[in-house]
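J.: model the following, please.
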Amino acid sequence: MSTKKLDKDVQEKLDQANQSEHLNQMPPMPRQNRNADKQRKIWDMRVLQSKSQGSHTNFSAGTSFATNESHYCKTSFGDLKPIILRDMKAPMIHRGRYLVCKCICKPLPLVGIFESPNDGTYIAGGINMLIQDLNGDVEEVSIYNFLYQFANLDWMSSETVMIIKEPWLRYGSQSKVPSIRVDSPSDTMFVDVTDGEFMNKIGAKKWIVKKSKDANVWREEANDCFKSGNFEKALFLYDRAIRCNPELSVLYLNKSLTCLRSGAFYTAYKAAELGFDKSGERDKALLRMGQAAYGMREWQKAAKIFVSVLKEFPSNVSFSENLKRATTRLAEQKHGKYNFKAMHLESKKEKAQLDVADYSEPIEIANIPGKGRGIIASKNIKEGTLIAVSKAFSSGYSKDFDVDHFNMLLNPGGAAHMNHEHDTLKKLQNNPQSLKDIYDLYPGDLATRNEKIPFGILDAALIQKICAINRYGSGEKKDRDEMVDCHLHILPSYFNHACLANAYRTRYGDVMVVHAAADTKKGEEIYLSYLESTRSYLDRKKKLSEWKFVCRCKLCENDAKDPKCSKRYQIWKEFEEYANEASPEDIIAKGEPVLQKIRESYVDRNELQIILAQILISLSSAYYRLDNFSKCIKYLEEVVTLTDNPLKYDLNVADQYICLALCYASKKNAQKSLQMFDKSMELKFCKNMEEFKLHYPDIFNHKCAHSCAHHSH
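T.: Prediction:
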């Protein structure tokens with residue numbers, strides 16, 4: 001599809017969405033009944049059309065546009081009352097009610113694009129389906145933030161019965177006929193049609209399907225699903241088996257293992273605990289409980305379980321290995337003892353997800369006057385001190401989204417953001433004990449709101465805002481084949497921004513490591529930079545304004561009152577673009593006059609001369625390539641002097657120390673070369689040479705560098 005045609009289609013849908021929003025402001029009117037047979041035929045045509053637009057195995061996803069208005073049900077299911085379609089009104093959220101229905105046609109993948117002036121644009125994946133209620137009436141339903149894998153639609157069948165809590169009948173962008181929209185994963189409940197007791201309770205007796213009551217039959221079928229990696233179906237069947245025989249302990253242990261494999265650690269622990277209480281295999285039950293506690297990042301609890309069970313089963317190798325992992329995490333958490341060499345190697349894998357504990361010392365979350373919450377030093381901190389390590393709670397990768405499913409342009413950044421929000425919702429659905437930690441990240445005052453959100457209930461819109469405000473990632477990239485990733489880190493989300501920050505973050509896969517970038521006194525605030533300090537002042541100011549934020553760090557204050565700031569940056573960018581393509585000789589010929597201009601522009605400014613440092617680095621590289629080591633040393637020594645501040649981390653001065661080391665080695669000054677290697681190690685926060693070498697594998701194949709490094713430490 002051409003971009004021109006694409007833009008036209010998008011605009012048409014936006015126009016439809018605007019018309020629909022007008023309808024959604026009207027007073028509620030009784031819902032118009034749909035002809036069931038006609039709707040089935042229309043739906044079958046949509047399925048065929050979607051199949052033809054997708055690949056030979058997949059369906060193309062439809063798109064829907066709407067405002068970012070959202071709803072989630074806070075009322076427990078026991079306090080809700082039933083409703084059927086003919087009693088509904090549109091537009092209306094039917095509070096205090098629930099709808100029993102079943103899917104009657106092949107569901108289709110759906111991507112929703114939600115926009116609002118205040119919160120921007122959110123993209124959510126989901127499913128679109130045709131449902132029938134207990135009265136035989138049919139309606140279209142869009143369930144967002146639920147479908148985590150677009151290709152996984154086969155589990156839906158005519159036997160799929162579900163409950164929609166507080167159904168929201170509204171007008172969407174597809175037509176002027178209302179349909180039901182569901183935003184929160186906790187607003188849908190899927191019902192086992194063989195569960196006669198519950199089906200009778202919700203008035204769905206006529207949809208009961210009578211099947212075997214033998215728990216072992218369902219256990220075997222669940223085991224087959226587990227072996228094939230279909231953990232969702234396996235869990236559904238283990239629950240069915242448990243209803244058939246709630247005293248069979250092995251069912252709880254199998255359910256626990258299934259939950260462990262699917263990341264549902266909270267339920268895994270509860271199931272293993274039940275299996276233990278029902279006199280199941282003690283070693284398996286305790287192993288599952290320990291692994292679940294480990295998955296919930298409760299290292300002390302996990303270690304305690306593994307220690308106790310080893311006393312009872314001392315020869316069990318699995319317990320010894322699990323105890324070793326748990327005690328390693330405890331050492332990381334308590335003392336900041338990390339194997340950064342192993343972390344560096346692991347992080348080189350695509351979508352690397354490291355197994356490490358979080359660490360934070362000596363810092364604390366505090367209320368900052370005029371800023372809300374932030375991070376302060378709980379004691380004096382020296383530059384280079386490790387102050388935080390944070391494994392991402394959730395992550396999103398652009399390549400996890402199959403563009404074959406989506407019939408309109410979605411850039412890699414948007415795909416990564418959507419996948420990230422889905423991953424967050426999925427993990428919270430699986431591990432509801434983490435909900436408060438995530439809700440607390442919202443910058444508003446949620447003290448009273450948190451009390452009103454029952455345990456396990458997901459406010460999808462709020463969670464999406466939290467992700468958008470707090471995520472870190474590789475940013476937007478133009479190449480659609482290049483992977484973009486983003487991550488939600490809980491503790492680092494409390495760091496406030498400064499372009500010239502006194503802390504510096506390094507990424508190892510999905511782990512963020514934060515070191516002090518300057519000496520910090522007890523009680524002082526610690527900042528991280530959300531964007532590169534090498535951007536122009538106007539660019540930084542514009543980007544920060546999107547977050548409704550004005551930076552008043554020393555760099556921004558200097559740039560704001562420097563009348564030559566913009567012109568200087570323009571001169572530098574023009575030269576940088578030229579230098580990227582030119583020969584070393586041409587770089588020097590053109591660069592030396594530019595260097596003089598830059599120096600002159602700083603006559604009235606004697607600090608934070610970032611552009612001067614950048615052009616000196618560029619010219620020193622050209623001199624190095626021409627073996628003019630004396631000139632390279634002269635310029636890089638000036639860079640070192642200019643960056644005796646946190647800028648040295650953003651400008652990667654560690655790399656310049658490596659260059660200096662090689663220059664001094666070429667001039668037979670081994671002592672000076674070793675000093676430069678030590679300086680580079682210090683800026684890379686490395687404690688030993690083996691770890692340091694991983695940052696510069698090509699350099700340390702250099703004969704001269706190898707000779708110098710061999711004598712260092």
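J.: CA only for contacts and neighbour counts going forward, please
T.: Fine.
J.: quick one, what contacts Pro30?
T.: Contact analysis of Pro30 by C-alpha atoms under 8 Å, 6 or more residues apart in numbering lists Arg86, Asp87, Met88, Lys89, Ala90.
J.: those helices in the stretch 351-500 of the chain, which residues are they?
T.: 412-430, 435-439, 447-452, 460-470 (DSSP state H, counting those that start in this stretch).
J.: again, but for the stretch 1-150 of the chain
T.: Counting by DSSP H, counting those that start in this stretch, the helices of the stretch 1-150 of the chain are 3-23, 36-53.
J.: hey, least reliable of those by pLDDT?
T.: When these are compared on mean pLDDT, helix 3-23 scores lowest, with a mean of 62.
J.: phi and psi next, for Asp698.
T.: phi -70, psi -40 (degrees, to the nearest 10).
J.: typo on my end, Ile490
T.: phi -70, psi -60.
J.: can you report how many residues lie near it?
T.: 19 (other C-alpha atoms under 10 Å).
J.: and it, what does it touch?
T.: Contacts of Ile490 (C-alpha under 8 Å, 6+ apart): Ser390, Ala392, Phe393, Asp437, Ile438, Leu441.
J.: closest one of the residues you listed to Gln464?
T.: Set against Gln464, the nearest of the contacts of Ile490 by C-alpha to C-alpha is Ile438 (10.7 Å).
J.: quick check: the closest one vs Ile463, distance?
T.: Ile438 sits 8 Å away from Ile463, going by C-alpha to C-alpha, to the nearest Å.
J.: so what pLDDT did the residue of the chain positioned farthest from its centre get?
T.: Here the centre of the chain is the reference, and by C-alpha atoms, centre = their mean the most remote residue is Lys668, at 49.1 Å. In this model, Lys668 is scored at 94, pLDDT.
J.: would it count as being in a helix?
T.: No. Lys668 is assigned coil when assessed by DSSP: H, G, I helix; E, B strand; the rest coil, not a helix.
J.: ramachandran angles for it?
T.: Main-chain torsions, Lys668, degrees, to the nearest 10: phi 70, psi 30.
J.: Met296 versus that one, what's the distance?
T.: Taken as C-alpha to C-alpha, the span from Lys668 to Met296 is 55 Å.
J.: what do you get for Val217?
T.: 32 Å.
J.: can you pull the poorly scored residue ranges out of this structure?
T.: For the chain, the stretches with pLDDT under 70 are 1-18, 51-68, 115-121, 147-158, 173-175, 401-413, 444-451, 475-483, 701-713.
J.: now name the helix or strand holding Ser673.
T.: helix 670-683 (DSSP states H and E).
J.: what lies in contact with that helix?
T.: 384, 649, 653-658, 660-665, 687, 689, 692, 708-709, 711-712.
J.: neighbour-wise, which of Ile438 and Ile463 wins?
T.: Just comparing Ile438 and Ile463: by other C-alpha under 10 Å the higher neighbour count belongs to Ile463, 21 against 18.
J.: output stretch 666-681 as PDB, nothing but the C-alphas.
T.: What follows is stretch 666-681, C-alpha atoms only, in PDB (Å, rounded to 0.1, in the frame of the first residue of the first chain):
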ATOM      1  CA  SER A 666      53.600   4.700  20.200                       C
ATOM      2  CA  LYS A 667      55.900   7.400  21.600                       C
ATOM      3  CA  LYS A 668      57.500   4.700  23.900                       C
ATOM      4  CA  ASN A 669      56.000   6.300  27.100                       C
ATOM      5  CA  ALA A 670      54.800   3.200  28.800                       C
ATOM      6  CA  GLN A 671      54.200   4.800  32.200                       C
ATOM      7  CA  LYS A 672      51.900   7.500  30.700                       C
ATOM      8  CA  SER A 673      50.200   4.900  28.600                       C
ATOM      9  CA  LEU A 674      49.400   2.800  31.600                       C
ATOM     10  CA  GLN A 675      48.000   5.900  33.400                       C
ATOM     11  CA  MET A 676      45.600   6.500  30.500                       C
ATOM     12  CA  PHE A 677      44.400   2.900  30.600                       C
ATOM     13  CA  ASP A 678      43.700   3.300  34.300                       C
ATOM     14  CA  LYS A 679      41.800   6.500  33.600                       C
ATOM     15  CA  SER A 680      39.700   4.800  31.000                       C
ATOM     16  CA  MET A 681      39.000   1.900  33.300                       C
END
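J.: that one: how far from the chain's middle?
T.: From the chain centre to the centre of stretch 666-681 is a distance of 41 Å (C-alpha atoms, centre = their mean, to the nearest Å).
J.: before we move on, what about stretch 425-432?
T.: Using C-alpha atoms, centre = their mean, the offset of stretch 425-432 from its chain centre is 13 Å.
J.: mean neighbour count, the helices of the stretch 351-500 of the chain: which tops it?
T.: Highest mean neighbour count among those (mean count of other C-alpha atoms under 10 Å): helix 412-430, with a mean of 24.
J.: any idea how far the closest residue to Ala124 other than its chain neighbours is from Leu23?
T.: Of all residues beyond its chain neighbours, the one nearest Ala124 is Gly112 (5.1 Å), with distances taken as C-alpha to C-alpha, 6 or more residues apart in numbering. From Gly112 across to Leu23, the span is 19 Å (C-alpha to C-alpha).
J.: which of those two has more residues huddled nearby?
T.: Gly112 (22 against 18).
J.: counting neighbours, what do you get for the closest residue in space to Ser262 that isn't next to it in sequence?
T.: Closest residue to Ser262 apart from its sequence neighbours, by C-alpha to C-alpha, 6+ apart: Phe231 at 6.6 Å. Neighbour count for Phe231, taken as other C-alpha under 10 Å: 22.
J.: surely Phe231 is in contact with Leu260?
T.: No. Phe231 lies out of contact with Leu260 (C-alpha atoms under 8 Å); the separation is 9.8 Å.
J.: what touches both of the two?
T.: Joint contacts of Phe231 and Leu260 (C-alpha under 8 Å, 6+ apart) do not exist.
J.: quick one, what contacts Ile463?
T.: So Ile463 contacts Glu421, Thr424, Leu425, Ile438, Tyr439 (C-alpha under 8 Å, 6+ apart).
J.: the same query, at a cut-off of 10 Å, please.
T.: Contacts for Ile463 (C-alpha atoms under 10 Å, 6 or more residues apart in numbering) come out as Glu421, His422, Thr424, Leu425, Leu428, Leu435, Ile438, Tyr439, Leu441, Tyr442, Ile469.
J.: how about Glu691?
T.: Per C-alpha under 10 Å, 6+ apart, neighbours of Glu691: Asn339, Phe340, Lys341, Ala342, Met343, His344, Leu345, Met681, Lys684, Phe685.
J.: let's go with 7 Å and repeat that
T.: Counting by C-alpha atoms under 7 Å, 6 or more residues apart in numbering, Glu691 touches Phe340, Lys341.
J.: and it, that's in a strand?
T.: No. According to three-state DSSP, Glu691 belongs to no strand; its state is helix.
J.: how many residues are close by Ser186?
T.: 21.
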